[in-house]
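Asks: what's the 3D shape of this:
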Amino acid sequence: MTAEPGSAMTLPSETTSPAGTLGRLLAERRALIGIVGLGYVGLPLALAALRAGFSVLGFDVDPGRVAALNRGEGAFHHIPGDALGPALAAGTFAATGDMARLSEPDAVLICVPTPLTRHREPDLSYVEATARAIAARLRPGQLVVLESTTYPGTTDEVMRPILETGGLRSGHDFFLAYSPEREDPGNDQFDTARIPKVVGADDDAARTLAEALYGALVVRTVPVSSAAAAEAVKLTENIFRSVNIALVNELKLVYDAMGIDVWEVIQAAATKPFGFMPFQPGPGLGGHCIPIDPFYLAWKAREFDVPARFVELAGEVNTRMPYHVVERLAAAVDRTGRAFSGASVLVLGLAYKRNVEDTRESPALKLIRLIEGRGAVALYHDPLVPVLPATREHPELAGRASQPLTPETLRAVDAVLIATDHDGVDYGLVAREARLVVDTRNVMARHGLTGATIVKA
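Replies: Here you go, the predicted model:
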């Protein structure tokens with residue numbers, strides 16, 4: 001069940017009703033789109049809405065980001081710095097931290113974090129705070145869509161009761177839907193507009209209005225029967241990746257013990273034209289979705305007395321990978337005749353994936369803590385992260401600065417640990433100057449660089 005952009009979607013026929021009025025505004029591109037959270041999801045979504053002809057009012061709690069966006073300055077490496085210039089000049093985009101203005105947009109799209117607590121349970125505090133802020137200004141005819149990754153039932157069980165505290169009713173006075181974000185920062189082949197959008201709601205009017213909005217922004221919409229089904233779609237997509245990455249991470253441990261290169265095995269297996277999909281091992285998972293989603297589903301499954309052992313095991317395997325990497329690193333340093341305690345290690349790449357500056361849940365941060373916990377000194381180089389920002393998981397690391405990748409830096413450390421394989425790094429220089437290279441991404445082999453000083457982990 002899909003809808004193509006511009007297709008003859010049936011909007012509510014009563015043009016004087018809240019649904020009918022909003023449907024007409026969406027069809028004529030006169031609706032004001034509000035986006036709460038102008039990060040890696042919200043900002044690309046805002047750009048897609050602007051390109052589709054809508055005006056956008058963005059909300060963010062970071063005053064520095066708000067000010068920078070209103071000056072037309074780029075926020076992320078993979079988004080051109082001048083992307084907002086035309087909209088700012090035309091007056092069709094503005095960013096604000098004033099939540100009192102949430103009454104202005106005709107559609108409010110929520111793109112806020114949904115992290116885990118220290119006990120690996122869902123932390124919906126950002127979603128709940130945003131819902132309360134909207135509820136205080138909610139007016140008839142508004143569409144509210146949650147995009148944040150979460151467990152099935154959040155939209156109906158958490159969002160709806162908060163939004164209805166003022167007396168307005170979902171599906172009659174305002175409209176509530178869920179459409180999971182599918183951003184892949186740094187992927188040049190699939191920007192927001194080229195990724196199909198799943199849309200779910202618990203009433204036909206909300207689903208139809210959400211389809212009308214997203215149908216104007218993206219290549220096509222994929223409606224599902226409920227918000228819970230749409231929430232489950234997002235978890236399924238990311239748990240699929242988590243489980244398969246956990247599988248190859250475990251295979252890496254097994255094959256390493258056998259003296260077999262797991263990357264060689266995967267590359268050869270990928271030549272089979274059916275029945276196999278290559279996933280790559282690494283030092284652990286990062287980003288906002290894949291390390292978190294298995295625990296969201298497992299937590300919700302306990303409510304129904306249904307074990308999610310396979311899903312939980314995948315999360316645990318991936319969570320343990322940084323410990324394995326540091327064990328391999330310490331053993332490799334010890335073999336050089338240098339005790340690991342007191343050694344110095346340059347962590348190459350701090351972002352959770354190549355060619356982005358996003359450090360959320362990055363395994364490199366865990367690697368730094370584990371290295372230092374064993375008495376070694378950890379430095380880092382990342383061309384996209386000049387200064388380490390504050391993170392929820394590792395606030396004590398905030399403010400550290402990237403070291404220059406020079407022959408002098410490389411010779412001064414006992415080992416280089418490649419945690420993220422950014423393009424544009426001179427890996428030949430690393431191979432020539434470093435005493436020891438521990439590679440968790442197979443990037444040295446991909447560049448044709450081998451030798452006794454290069455160890456895979």
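
Asks: C-alpha only now, for contacts and for neighbours.
Replies: Fine.

Asks: so the nearest residue to residue 124 once chain neighbours are set aside, which of the three states?
Replies: Distances taken as CA to CA, 6 or more residues apart in numbering put residue 114 closest to residue 124, at 5.7 Å, once the chain neighbours are dropped. Under DSSP: H, G, I helix; E, B strand; the rest coil, residue 114 falls in the coil class.

Asks: is it true that residue 114 touches residue 126?
Replies: Yes - Residue 114 lies in contact with residue 126 (CA atoms under 8 Å); the separation is 6.8 Å.

Asks: quick one: low-confidence ranges for this structure?
Replies: For the chain, the stretches flagged by pLDDT under 70 are 1-16, 81.

Asks: tell me the domain boundaries of it?
Replies: Domains of the chain are assigned by automatic domain parsing as 18-225, 238-456.

Asks: between residue 114 and residue 126, which one's more packed in?
Replies: residue 114 (21 against 16; other CA atoms under 10 Å).

Asks: and that one, what is it in contact with?
Replies: 122-127, 148-150 (CA atoms under 8 Å, 6 or more residues apart in numbering).

Asks: May I ask which two of these are separated the most?
Replies: Greatest spatial distance among these (CA to CA): 125 and 149, at 13.1 Å.

Asks: on that earlier part again, for residue 75, see how far away the residue nearest to residue 124 is.
Replies: Per CA to CA, to the nearest Å, residue 114 is found 21 Å from residue 75.

Asks: The helix or strand residue 365 falls within packs against which elements?
Replies: Using DSSP states H and E, residue 365 maps to helix 363-373. Applying 3 or more CA pairs under 8 Å, 6 or more residues apart in numbering; DSSP states H and E, we find helix 363-373 packed against helix 309-335, strand 377-381.

Asks: Tell me which other helices or strands the helix or strand that the longest one is followed by touches.
Replies: This means helix 309-335. Counting by DSSP H and E, the element after helix 309-335 in chain order, helix or strand, is strand 344-348. If contacts are counted by 3+ CA pairs under 8 Å, 6+ apart, strand 344-348 sits against strand 377-381, strand 415-418.

Asks: Next, format those as CSV and append mean neighbour count and distance to residue 66.
Replies: Output for those, formatted as CSV (neighbours: other CA atoms under 10 Å; distance: least, CA to CA, whole Å):
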stretch, mean neighbour count, distance to residue 66
strand 377-381, 21, 28
strand 415-418, 26, 34
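
Asks: JSON lines please, covering these and showing distance to residue 190.
Replies: Listed next are the helices and strands packed on strand 344-348 as JSON lines, based on distance: least, CA to CA, whole Å:
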{"stretch": "strand 377-381", "distance to residue 190": "28"}
{"stretch": "strand 415-418", "distance to residue 190": "27"}
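
Asks: rewinding a little: which members of the contacts of residue 114 are classed as buried?
Replies: For the contacts of residue 114, a burial check counting by 16 or more other CA atoms under 10 Å picks out 122-124, 126-127, 148-150.

Asks: In helices, which of those fall?
Replies: Members of the buried ones among the contacts of residue 114 lying in helices (criterion: DSSP state H): 126-127.

Asks: from the buried ones among the contacts of residue 114, which is closest to residue 276?
Replies: Of the buried ones among the contacts of residue 114, the one sitting nearest to residue 276 (CA to CA) turns out to be residue 149, at 27.6 Å.

Asks: who's in contact with stretch 183-200?
Replies: For stretch 183-200, the surrounding residues in contact (CA under 8 Å, 6+ apart) are 40-41, 44-45, 48, 78, 177-182, 207, 210-211, 214, 217-230, 354-356.

Asks: Narrow those to those that are buried.
Replies: Using 16+ other CA under 10 Å, the buried members of these are 40-41, 44-45, 48, 177-182, 207, 210-211, 214, 217-224, 226-230, 354-356.

Asks: In helices, which of these fall?
Replies: Mapping the buried ones among the contacts of stretch 183-200 onto helices (DSSP H) picks out 44-45, 48, 207, 210-211, 214, 227-230.

Asks: and which of the residues you listed is nearest residue 67?
Replies: The nearest member of those to residue 67, counting by CA to CA, is residue 44 at 17.4 Å.

Asks: Next, count neighbours for the residue nearest to the closest one when sequence neighbours are not counted.
Replies: Of all residues not flanking residue 44 in the chain, residue 192 sits nearest, at 6.4 Å (CA to CA, 6+ apart). Using other CA under 10 Å, residue 192 has 22 neighbouring residues.

Asks: got it, and the one 5 residues further on?
Replies: With neighbours defined by other CA under 10 Å, the count for residue 197 comes to 25.

Asks: Please point out which parts of stretch 414-432 sit buried.
Replies: Neighbour counts over stretch 414-432 (16+ other CA under 10 Å) mark 414-422, 427, 430-431 as buried.

Asks: Tell me the one among those nearest to residue 454.
Replies: Distance to residue 454 across the buried residues of stretch 414-432 (CA to CA) is lowest for residue 431, with 7.6 Å.

Asks: Can you report phi and psi for residue 57?
Replies: Dihedral angles of residue 57 (phi, psi; degrees, to the nearest 10) stand at phi -120, psi 110.

Asks: Once you drop chain neighbours, what's closest to it?
Replies: Once flanking residues are discounted, residue 57 sits nearest to residue 34: 4.8 Å by CA to CA, 6+ apart.

Asks: need the contact list for that neighbour.
Replies: Contacts of residue 34 (CA under 8 Å, 6+ apart): 56-59, 102, 104-109.

Asks: quick one: which two of the buried residues of stretch 414-432 are the most distant?
Replies: Pairwise distances across those peak at 21.5 Å for 414 and 422 (criterion: CA to CA).

Asks: Distance of residue 330 relative to residue 283?
Replies: In this view, residue 330 and residue 283 are 15 Å apart by CA to CA.

Asks: So those two - more neighbours on which side?
Replies: residue 283 (28 against 21).

Asks: what about the more buried one, is that helix, strand or coil?
Replies: The three-state label given to residue 283 by three-state DSSP is coil.

Asks: repeat for the one 5 residues further on
Replies: Assigned state for residue 288: coil (three-state reduction, three-state DSSP).
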